[in-house]
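K.L.:
The following block contains a protein sequence and its predicted model.
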Amino acid sequence: MSIDQGRKGLRFAVIGAGMAGILAAIRLRQAGEDFTVFEKAGRLGGTWRENRYPGLTCDVPAHAYTYSFEPYAEWDAYYAKGGEIQTYFEKTAEKYGIMPHVRFDSEVVSTVWDEGAGVWRLGLITGEEVEAEVVIAASGVLHHPKLPDIEGLDSFEGQAFHSARWQDDALVDGARVGVVGNGSTGVQIVTALSKRASKLVHFQRSPQWIMPVPYFQYSEEEKEAFRRDPALIEDIRNNKEYWDSIFRFTHAITDTHGPEIAAIEQICLDNLENSIRDPELREKLRPNYRAACKRLIYSWSYYDAVQSPNVEVERNRIARVEAKGVRMEDGRLHELDTLVLATGFHADRFIRPTTVLGRGGVSLDDIWSVRPTAYYAVTIPGFPNFFMLNGPTGPVGNFSLIDIAEKQWAYVDQLIDLLRSGEARTIEPSADAHADYEERRIAAARTTIFGSGCNSWYLDATGVPASWPWSYEAFADAMAAPVLTDYRVEAAAELVER
Ligand code: NAP
């Protein structure tokens with residue numbers, strides 16, 4: 001069968017119109033494929049649509065947080081604001097002709113493999129059923145808000161809400177505000193609100209490692225130069241210092257006693273010593289676990305913000321929330337008008353709550369009962385023609401997930417080629433190959449900095465780091481070409497081990 005004949009009749013369902021879904025859609029459109037993107041919301045953008053809190057910024061340099069094929073001259077500063085990123089994705093989707101392919105308000109509630117027909121049957125929230133030979137699950141990672149188990153939250157008389165559910169009418173200007181949580185989100189919110197609230201309390205259960213980073217605006221002249229000559233943007237993307245910092249970070253993750261992690265710890269400790277004047281506050285902010293065990297906080301202004309006279313860092317434990325505010329275990333009450341819960345996400349959901357049933361009606365929920373997993377973060381045995389972008393066990397950390405998704409797409413595209421060419425009717429990893437990958441991954445993950453003894457969303461329910469445990473270079477190598485002998489390919493009539 002020729003490639004053209006093979007391609008005919010292949011239908012693709014992309015689940016999610018966030019960064020990774022838009023990427024898949026662009027690539028599928030460029031390849032002339034028949035595809036539809038199913039988006040649960042009324043607008044694309046994923047995490048950049050959902051998060052609208054004050055101070056929302058991407059702490060990956062703006063020019064690195066773009067698709068490699070779509071440089072953007074309009075970034076206002078070295079780090080982009082959330083709204084700018086949302087605009088970038090909307091413009092990009094428009095430019096690449098994706099919008100007519102997106103079905104909004106069309107949450108996929110189930111996707112079930114039909115063995116006989118060799119198709120996935122997708123059930124939509126609208127009640128419709130659609131079929132596709134190939135599913136691309138690009139449904140994101142951090143999109144199910146995790147509320148804290150703090151007693152009395154419902155009794156609060158002011159407004160209390162999760163950071164990803166920002167309330168536009170929330171009292172913050174000149175008001176008394178509490179922020180629970182000091183991950184990347186809580187730190188960004190506190191930094192922004194320090195200039196607006198009359199009293200701001202930052203409730204911190206564990207202190208954070210704060211990496212100082214440069215921040216500057218791009219002038220109109222610079223933007224004009226970027227417009228005229230995109231090579232200038234490429235120079236920024238390839239900046240040696242930036243890439244050195246990425247390699248330093250990924251080596252630090254995998255070599256917990258190496259020079260890279262020592263350098264990161266020293267930079268952060270120097271930042272603490274040199275920035276925080278009051279010794280008592282300095283001790284409150286001093287981390288008591290290894291740097292990069294939780295996601296490093298990149299900030300150029302948080303330490304300034306917490307030294308504002310209207311800001312208090314609270315390290316005592318919260319006893320409960322009451323009508324008037326937050327009561328500490330030592331009996332003090334912080335009276336508040338607004339309480340922001342920057343308490344993170346259920347990071348183990350991935351495509352769920354969508355019901356996914358593979359060969360023999362086996363449920364992804366069952367396969368993932370201990371921990372979510374996928375062979376090289378992309379494919380799952382028993383789930384043919386099902387490909388994940390930013391799926392479980394992929395790299396996480398202080399780098400661009402766009403770059404990760406692009407590398408994953410390059411890998412997925414090579415598998416799809418076997419379907420396009422007609423060489424394969426279905427493709428999935430063998431159970432043995434997946435088991436071997438997962439065994440090696442878990443062993444390596446336990447030795448990474450993520451497993452060095454702190455609590456974070458990087459850990460699965462059993463306490464094992466859930467992420468890619470090897471270097472960036474190893475990930476790039478793995479994604480460059482799938483090991484096809486690890487895949488089971490079903491030709492038109494038979495299943496063959498390659
Ligand atoms: P997070 O990193 O999971 O942090 C949650 C925070 O809430 C932690 O400080 C945690 O304290 C605290 N917390 C949770 N339950 C609590 C409770 N019951 N009582 C007191 N404190 C509680 O969540 P996040 O800050 O939303 O960030 C999640 C991820 O989103 C980041 O790691 C990053 O990947 C992404 N993100 C990226 C950017 C960016 O600029 N690129 C910005 C924001 C978010 P403990 O540490 O003590 O558990």
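P.N.:
Arrived safely.

K.L.:
Residues of the stretch 1-150 of the chain that sit close to the ligand?
P.N.:
Contact residues, the stretch 1-150 of the chain versus the ligand (Cβ under 6 Å from any ligand atom): 57, 58, 59, 60, 142, 148, 149, 150. Bear in mind the C-beta positions are built from the backbone N, C-alpha and C, glycine included.

K.L.:
Identify the residues contacting the third one.
P.N.:
Each residue near residue 59 by Cβ atoms under 8 Å, 6 or more residues apart in numbering is listed here: 79, 184, 213, 297, 298, 299, 398.

K.L.:
Which residues are in contact with the most centrally placed residue in the chain?
P.N.:
The centroid of the chain falls nearest to residue 141 when counting by Cα atoms, centre = their mean (5.1 Å). Residue 141 makes contacts with 345, 347, 350, 390, 396, as judged by Cβ under 8 Å, 6+ apart.

K.L.:
For the helix or strand hosting residue 264, which residues meet the burial criterion?
P.N.:
Under the criterion of DSSP states H and E, residue 264 resides in helix 259-275. Within helix 259-275, the residues that count as buried by 16 or more other Cβ atoms under 10 Å are 260, 261, 264, 265, 268, 271, 272, 275.

K.L.:
Now the residue in the stretch 251-400 of the chain that the ligand sits nearest to: closest residue in space, sequence neighbours ignored.
P.N.:
Nearest residue of the stretch 251-400 of the chain to the ligand, counting by Cβ to the nearest ligand atom: residue 344, 2.6 Å away. Spatial nearest neighbour of residue 344, excluding adjacent residues (Cβ to Cβ, 6 or more residues apart in numbering): residue 146 at 4.9 Å.

K.L.:
what's the neighbour count on the one you found?
P.N.:
By other Cβ atoms under 10 Å, 16 other residues sit near residue 146.

K.L.:
wait, doesn't it sit right on residue 343?
P.N.:
Yes. Residue 146 is in contact with residue 343 according to Cβ atoms under 8 Å; the separation is 5.6 Å.

K.L.:
Spit out the residues that contact the two alike.
P.N.:
In contact with both residue 146 and residue 343: residue 162, using Cβ under 8 Å, 6+ apart.

K.L.:
Looking at the contacts of residue 59, which are in strands?
P.N.:
Of the positions in the contacts of residue 59, 297, 298 sit in strands, assigned by DSSP state E.

K.L.:
Most neighbours among the contacts of residue 59, which one?
P.N.:
Within the contacts of residue 59, residue 299 tops the neighbour count with 24 neighbours, counted by other Cβ under 10 Å.

K.L.:
Show the contacting residues for the residue in the stretch 51-200 of the chain positioned nearest to the ligand.
P.N.:
Minimum separation of the stretch 51-200 of the chain from the ligand (Cβ to the nearest ligand atom) falls at residue 183, amounting to 2.3 Å. Residues counted as contacts of residue 183 (Cβ under 8 Å, 6+ apart) are 208, 294, 295, 297, 342, 344.

K.L.:
between those residues, which is nearest residue 430?
P.N.:
Among the contacts of residue 183, residue 295 lies closest to residue 430 (Cβ to Cβ), at 33.4 Å.

K.L.:
Might you report the residue contacts of that closest one?
P.N.:
So residue 295 contacts 183, 184, 396, 397, 398, 456, 458 (Cβ under 8 Å, 6+ apart).

K.L.:
Narrow these to those in helices?
P.N.:
residue 184 (DSSP state H).

K.L.:
can you list the contacts of residue 295 in TSV and add pLDDT and distance to residue 368?
P.N.:
Formatted as TSV, the contacts of residue 295 follow (pLDDT from 0 to 100; distance: Cβ to Cβ, whole Å):
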residue	pLDDT	distance to residue 368
183	98	24
184	98	26
396	89	17
397	85	22
398	84	26
456	97	20
458	96	17
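
K.L.:
ok, residue 293 - how many residues close by?
P.N.:
Residue 293, neighbours per other Cβ under 10 Å, totals 25.
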